[in-house]
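> Sequence and computational prediction follow.
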Amino acid sequence: MLSLPKHKHDFLCKKKEMRIHYFSLNHSKTRYIQIYSENCIACWECVKICPQKVIGKVDILFHKHKHAHIDTSKECIGCFKCVKVCKNNAIKPIKN
């Protein structure tokens, strides 16, 4: 059964873990973390471990490479589970 998009800028996709967004939105950081997509190897461990489902996938044929990105930055609670699970330093905490 298909579900409606959680956010107004989301579109339904074949893969439920992936959303397509407007390109003008920032999908690389929240208040607590920043994703460096050039270091991401698309293992998706951060997507699996995030309790708030903040991190999503960029897995599109015409995109230059697969990587994780921020889906819902406001939902991030700063648990840093994604930082701990990332073996390639693609996700780093933001120092305030």
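Received, thanks. Numbering: from 1, shown residues only.
> Return the residues in contact with Arg26.
Actually, residue 26 is Asn rather than Arg. 70, 73 (Cβ atoms under 8 Å, 6 or more residues apart in numbering). C-beta: built from backbone N, CA, C; applies to glycine.
> got it, and Ser37?
28, 58, 65, 67-69, 90.
> What is the nearest of these to Lys84?
Ala90 (12.5 Å; Cβ to Cβ).
> And for the closest one, the neighbour number?
Residues near Ala90, counting by other Cβ atoms under 10 Å, number 21.
> these two touch, right, it and Asn39?
Yes - Ala90 is within contact range of Asn39, at 3.8 Å (criterion: Cβ atoms under 8 Å).
> so which of the contacts of Ser37 is the most crowded?
Top of these by neighbour count (other Cβ under 10 Å): Ala68, with 28 neighbours.
> Dump the contacts of Ser37 into TSV; add distance to Gln52 and secondary structure as well.
Formatted as TSV, the contacts of Ser37 follow (distance: Cβ to Cβ, whole Å; DSSP: H, G, I helix; E, B strand; the rest coil):
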residue	distance to Gln52	secondary structure
Ser28	17	coil
Val58	19	strand
His65	25	coil
His67	19	strand
Ala68	14	strand
His69	15	strand
Ala90	18	coil
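> For those residues, which two are the farthest from each other?
Ser28 and His65 (14.4 Å).
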